[in-house]
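# fold the following.
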Amino acid sequence: MTLEKFMSVKLHVETAGPAEGRPVILIHGWPLSGKAWEHQVPALVDEGFRVITYDRRGFGQSDKPEGGYDYDTLAQDLSDLIEAHDLKDVTLVGFSMGGGEVARYIRNHGEDRLRSVVFASSVTPFMLRSGDNLQGPLTEEAAQEMESALRKDRAAFFDQFSRDFFSADGELKVSEEERQEAIALCEQSDPSAALQCMAAFGTTDFRDDLEKVTVPTLVLHGDADGIVPFVGSGARTGTHIKHSTTALIEGAPHGVNASHANAFNASLIRFLND
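Residues are numbered from 1 along each chain as shown. Purely as a prediction, here's the structure:
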């Protein structure tokens, strides 16, 4: 289905599972789409949840406007979706860039409609290394190199990025077919949207946002994540949200929801059923 009238842009939204099931919204990573959750949707539906995925503006089958790729606007898109469907008792699951949307949604819109949240391979609390963020895993030089590489040759960038996304200790942890499917999702992204979102997830500070999280929280991460390393991100997210629970999946890369889908799903479902 596509959500149209209620939002400033048309977002491609898909729902699965019983209408009366407790809602779980899966927010995809950069530069993919809601299709990246294909290993999670059936497992969650089998548990009786109502599962909602959507393509972020600028990605997948959603509208691709010129702007609106800052986290305040992206969180507003999420809020509009929740309000349009009148969802309550919701669990938000934010993967990588999507973790930022979870944090900013809570800061800007509160927790009245939420039951719990999950930060999976999340870019929180603050990726960019700086004088007051020495543990940030992304240096200014690395950020500039990523931007330059994406501008120069998208195909080459996505080929290497997908390898890094799904690799741990130099070994690809998914099939070549699945990697190619991920590249196809990357190619659906609007070039300008991809660049603007790269800047957003790399430079947005979520430290104050995380302090406002009071609902039950799961931090879910691979311990071999080479793109958003656990020490600089997941571990620190858990520090900011002192009541959170952490599930660290051994040998898993950034794309842990695909490479280690069974372990990822087991941790997620255990948390949802608590």
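# from here on, contacts and neighbour counts on C-alpha atoms
Noted.
# wait, residue 21 touches residue 48, no?
Yes: with contact defined as Cα atoms under 8 Å, residue 21 reaches residue 48; the gap is 5.8 Å.
# neighbour count: the two, which is higher?
Using other Cα atoms under 10 Å as the criterion, residue 21 and residue 48 rank with residue 48 on top: 17 against 14.
# I'd say the more buried one and residue 17 touch.
Yes: counting by Cα under 8 Å, residue 17 is a contact partner of residue 48 at 6.6 Å.
# can you give me the strands in the stretch 101-250 of the chain?
Counting by DSSP state E, counting those that start in this stretch, the stretch 101-250 of the chain has these strands, from start to end: 114-120, 167-168, 171-172, 217-222, 245-249.
# as TSV, these with distance to residue 39 would be great.
Listed next are those as TSV, based on distance: least, Cα to Cα, whole Å:
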stretch	distance to residue 39
strand 114-120	14
strand 167-168	18
strand 171-172	18
strand 217-222	16
strand 245-249	16
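# compare these and give me the one nearest residue 103.
With distances scored as Cα to Cα, the stretch of the strands of the stretch 101-250 of the chain nearest to residue 103 is strand 114-120 (8.9 Å).
# tell me which strands the closest one pairs with, and in which orientation.
Strand 114-120 pairs in its sheet with strand 90-95 (parallel), strand 217-222 (parallel), by DSSP bridges.
# using CSV, lay out those together with distance to residue 128 and mean pLDDT.
Formatted as CSV, the strands paired with strand 114-120 follow (distance: least, Cα to Cα, whole Å; pLDDT from 0 to 100):
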stretch, distance to residue 128, mean pLDDT
strand 90-95, 18, 98
strand 217-222, 19, 98
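# so which of the ones you listed is the most surrounded?
Using mean count of other Cα atoms under 10 Å, the stretch among those with the largest mean neighbour count is strand 217-222, at a mean of 27.
# distance of the nearest residue to residue 8 once chain neighbours are set aside from residue 37?
Residue nearest to residue 8 in three dimensions, not counting chain neighbours: residue 77, with 7.8 Å by Cα to Cα, 6 or more residues apart in numbering. Remark: distance between residue 77 and residue 37 (Cα to Cα, to the nearest Å) = 19 Å.
# neighbour count: those two, which is higher?
Each of residue 77 and residue 37 had its neighbours counted (other Cα under 10 Å), and the higher figure belongs to residue 77 (23 against 20).
# outside of the one helix or strand that one maps to, which residues touch it?
Per DSSP states H and E, residue 77 falls inside helix 71-84. The contact list for helix 71-84, computed with Cα atoms under 8 Å, 6 or more residues apart in numbering, reads 3, 6-8, 56-57, 68, 100-102, 104-105, 108-109, 200, 204.
# out of the strands paired with strand 114-120, which is closest to residue 186?
Residue 186 sits nearest to strand 90-95 of all these, at 15.2 Å, using Cα to Cα.
# quick revisit: to residue 127, which of the strands paired with strand 114-120 lies closest?
strand 90-95 (14.4 Å).
# run the angle between that closest one and helix 71-84 for me.
Calculated by axes from the mean of the first three to the mean of the last three Cα atoms, to 10 degrees, strand 90-95 forms an angle of 140 degrees with helix 71-84.
# run the chain-centre distance for strand 90-95.
On the basis of Cα atoms, centre = their mean, to the nearest Å, strand 90-95 sits 8 Å off its chain's mean C-alpha point.
# neighbouring contacts of it?
When contacts are defined by Cα under 8 Å, 6+ apart, strand 90-95 is touched by residues 22-29, 99-102, 113-122, 272.
# how about the spatially closest residue to residue 61 that is not a sequence neighbour, secondary structure?
Counting by Cα to Cα, 6+ apart, residue 12 is the residue found nearest to residue 61 once chain neighbours are left out, at 5.7 Å. Reduced to three states with DSSP: H, G, I helix; E, B strand; the rest coil, the structure at residue 12 is strand.
# surely residue 12 and residue 55 touch.
Yes: the pair formed by residue 12 and residue 55 meets the contact definition of Cα under 8 Å, at 5.5 Å.
# more neighbours, those two?
residue 55 (26 against 21).
# where's the nearest residue to residue 47 once chain neighbours are set aside, which helix or strand?
Once flanking residues are discounted, residue 47 sits nearest to residue 269: 7.9 Å by Cα to Cα, 6+ apart. Assigned by DSSP H and E, residue 269 falls within helix 261-273.
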